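[1] coords please:
(one chain, ligands or ions: 3)
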Amino acid sequence: MESKIQRPTEGQVIAVSENGSLQVPNHPIIPYIEGDGIGIDVTPPMRKVLDAAIEKAYGGARQLQWMEIYCGEKSTQIYGADTWLPQETLDAVKEYKVAIKGPLTTPVGGGIRSLNVALRQELDLYVCLRPVRYYQGTPSPLKQPELTDMVIFRENSEDIYAGVEWQAGTAEADKVIRFLTEQMGATKIRFEQDCGIGIKPISKQGTERLVRAALQYTIDNDRDSLTLVHKGNIMKFTEGAFKDFGYALAQCEFGAEPIDGGPWCEMTNPKTGKKIVIKDVIADAFLQQILLRPAEYDVIATMNLNGDYISDALAAQVGGIGIAPGANIGDGVALFEATHGTAPKYAGQDKVNPGSLILSGEMMLRHLGWLEAADLIVQGMESAIAAKTVTYDFERLMEGATLLSCSEFADAIIEHM
Ligand SMILES: NC(=O)C1=CN([C@@H]2O[C@H](COP(=O)(O)OP(=O)(O)OC[C@H]3O[C@@H](n4cnc5c(N)ncnc54)[C@H](OP(=O)(O)O)[C@@H]3O)[C@@H](O)[C@H]2O)C=CC1
Ligand SMILES: O=C(O)CCC(=O)C(=O)O
Ligand SMILES: [Mg+2]
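    Ligands and ions are numbered 1, 2, ... in the order given. Presented below is the predicted three-dimensional model:
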């Protein structure tokens, strides 16, 4: 197929050295997917803010060379009706190593499967990293929102989220149900007729690579604890196994020792000498404790669906998904993306908060090692919020705030850098 990607005439490819570290040139080529719905609103301001921060930090010595790649509705316009995720999009992310994307629509019930999930699976981006912190002045339902400071490591390739499921009433669903009842001794499928069925794979290998990344992050960033969040009392061999695999990895690979006979463990951070506690909590209890006692939680490792729910719930505590950033990370490849979706009712109105994608871009700059530019974005965001110049989602909850459009908020961030 003829390529539809326009490669920049300048710029270089990011390389990965043998030890896995990035070799970032001064003009790296960064592929980006605009995204469906509000992608058209938030992606241009994200690029503008990143470019401005880099210009301010490095005065022209460094620059991103943006390269548009396609996925979702725009891809069907460019490649043809049924091409939602072209192979050359996947190839470009693999080749250029670091990319960023806007949100992509997934229809409910029928239609295509999630392109967001497909990108994560095809590129084996097994960590979904979603940090949650409070920006002073942000409207929040909590009395002390500043106590919420957590980093979610959501397993990104397994679980019920992987889409291994069959629709009620199909021959496939009936076959799976017959196999389960006739050959596997399953007696607890309440209604066998017209029953949809889904499979929840949770593996040792998948859990270990996620928990390993989370624990390494805990060490590198001098955090106090790692909590495994699961519903292992009910789903014993999937969510319960996640907990057991996680503790075993902490002990075998990081030298953690059980506290008072376990299961909680403790280890010494080899970089700082401080103690790190590895603990676990059942997911429903966790969801109430993050509201009541958020200070008790720090780095979180959890499975795919729990991580999806938890990241939106935690985002709400500190201002909502309008400013909740994220990244999908694999071995040598990273794809940054907002936590929110395509919010179709706001598409094209220059209204929504671009903060989530901008802060995802800020994470991307940190990933490149361009810390000075990343710091400028955080400073710009903090000051724009403190000055109460905000988009509709914050303005409606703040006293005396000035309502800005999506693009105006990005400009306010730039002015405050
Ligand atoms: N990674 C991805 O690409 C994701 C894609 N999706 C997809 O997006 C589509 C829509 O999903 P939906 O469940 O409605 O979730 P959305 O996240 O798109 O929107 C839900 C609500 O969140 C608020 N919101 C979302 N984005 C912003 C923003 N940038 N600024 C301010 N507020 C925002 C709005 O709240 P209010 O109405 O209160 O103003 C909005 O109505 C679905 O197809 C879904 O599959 C969903 C999540 C992630
Ligand atoms: O893929 C989708 O449409 C939804 C994904 C999602 O909600 C998420 O990853 O947080
Ligand atoms: Mg989600």
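
[2] partner strands of the longest strand along the chain, with direction?
    Assignment by DSSP state E gives strand 275-282 as the longest strand of the chain. Next to strand 275-282 in the sheet, as set by DSSP bridges, lie strand 225-230 (parallel), strand 265-268 (antiparallel).

[3] who wins for proximity to Glu395 among those?
    Glu395 lies closest, by Cβ to Cβ, to one member of these: strand 225-230, at 33.0 Å. For the C-beta atoms, the positions are set from N, CA and C on the backbone; glycine is no exception.

[4] turn the strands paired with strand 275-282 into JSON lines, including mean neighbour count and distance to Met67.
    Shown next, in JSON lines, are the strands paired with strand 275-282 (neighbours: other Cβ atoms under 10 Å; distance: least, Cβ to Cβ, whole Å):
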{"stretch": "strand 225-230", "mean neighbour count": "25", "distance to Met67": "36"}
{"stretch": "strand 265-268", "mean neighbour count": "18", "distance to Met67": "42"}
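
[5] any part of the host helix or strand of Ile54 near ligand 2?
    Assigned by DSSP states H and E, Ile54 belongs to helix 39-58. No. Using Cβ under 6 Å from any ligand atom, helix 39-58 stays clear of ligand 2, with a minimum separation of 12.6 Å.

[6] centre of the chain to that helix, how far?
    In this view, helix 39-58 has its centroid 20 Å away from the chain centroid, taken as Cα atoms, centre = their mean, to the nearest Å.

[7] and stretch 19-35, by the same measure?
    The answer for stretch 19-35 is 18 Å, by Cα atoms, centre = their mean.

[8] where does the stretch 301-417 of the chain come near ligand 2, residue by residue?
    Residues of the stretch 301-417 of the chain lying near ligand 2 by Cβ under 6 Å from any ligand atom: Asp308, Thr339, Gly341.

[9] ok, Asp308 - how many residues close by?
    Asp308 has 19 neighbours, counted by other Cβ atoms under 10 Å.

[10] of the residues of the stretch 301-417 of the chain next to ligand 2, closest to Lys4?
    Closest approach between those and Lys4, by Cβ to Cβ: Gly341, at 25.0 Å.

[11] so what pLDDT did that closest one get?
    Reading off the confidence values, Gly341 has pLDDT 97.

[12] phi, psi of the residue nearest to it when sequence neighbours are not counted?
    Leaving aside its chain neighbours, Gly341 sits nearest to Pro103 (4.8 Å; criterion: Cβ to Cβ, 6 or more residues apart in numbering). Backbone torsions for Pro103, taken as degrees, to the nearest 10, come to phi -70, psi 150.

[13] so Pro103 is in contact with Ile38, correct?
    Yes. Using Cβ atoms under 8 Å, Pro103 is in contact with Ile38, at 6.9 Å.

[14] count of residues packed around Gly400?
    Gly400 has 6 nearby residues by other Cβ under 10 Å.

[15] what's the answer for Pro141, then?
    By other Cβ under 10 Å, 11 other residues sit near Pro141.

[16] rewinding a little: next step: the residues of the stretch 301-417 of the chain next to ligand 2 restricted to helices.
    Asp308 (DSSP state H).

[17] for the residue most central in space within the chain, give its distance to His340.
    What sits nearest the mean C-alpha location of the chain, by Cα atoms, centre = their mean, is Gly326, with 3.6 Å. As judged by Cβ to Cβ, to the nearest Å, Gly326 and His340 stand 9 Å apart.

[18] over to Leu314?
    Distance, Leu314 to His340, using Cβ to Cβ: 13 Å.

[19] what residues are shared contacts of these two?
    Ala324 (Cβ atoms under 8 Å, 6 or more residues apart in numbering).

[20] show the pLDDT at the nearest residue to Lys97 once chain neighbours are set aside.
    The shortest distance from Lys97 to any non-neighbouring residue, by Cβ to Cβ, 6+ apart, is to Ile14 (4.5 Å). Confidence at Ile14, expressed as pLDDT, is 97.

[21] list the contacts for Ile14?
    By Cβ under 8 Å, 6+ apart, the residues touching Ile14 are Leu22, Gln23, Val24, Pro25, Pro28, Ile29, Tyr96, Lys97, Val98, Leu368.

[22] ok, now with 10 Å
    Residues counted as contacts of Ile14 (Cβ atoms under 10 Å, 6 or more residues apart in numbering) are 22-25, 28-30, 95-98, 332-334, 368.

[23] between those, which is closest to Asp411?
    Distances from Asp411 to these, taken by Cβ to Cβ, are shortest for Ile30, at 21.6 Å.

[24] what's around the residue nearest to that closest one when sequence neighbours are not counted, how many residues?
    Spatial nearest neighbour of Ile30, excluding adjacent residues (Cβ to Cβ, 6+ apart): Leu64 at 4.9 Å. Residues within reach of Leu64, counting by other Cβ under 10 Å, total 24.

[25] circling back to that earlier point, and of the strands paired with strand 275-282, who's closest to ligand 1?
    strand 225-230 (19.6 Å; Cβ to the nearest ligand atom).

[26] output the closest one in CSV with nothing but the alpha carbons.
    What follows is strand 225-230, C-alpha atoms only, in CSV (Å, rounded to 0.1, in the frame of the first residue of the first chain):
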residue,chain,number,x,y,z
SER,A,225,4.9,2.1,49.1
LEU,A,226,3.5,-0.1,46.3
THR,A,227,0.0,-1.4,46.7
LEU,A,228,-1.4,-4.3,44.6
VAL,A,229,-5.1,-3.6,44.1
HIS,A,230,-7.2,-6.7,43.3
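
[27] measure Ile100 to Ala338 for me?
    9 Å.

[28] what is in contact with these two at once?
    Listed as contacting both Ile100 and Ala338 by Cβ under 10 Å, 6+ apart are Gly35, Thr43, Met46, Leu357, Ser360, Gly361.

[29] what's the farthest-apart pair in those residues?
    Spatial extent of the shared contacts of Ile100 and Ala338 (Cβ to Cβ) is set by the pair Gly35 and Gly361 at 13.1 Å.

[30] which residue is it, in the stretch 301-417 of the chain, that comes closest to ligand 2?
    For the stretch 301-417 of the chain, Cβ to the nearest ligand atom, closest residue to ligand 2: Asp308, 4.7 Å.

[31] kind regards, and thank you for your time.
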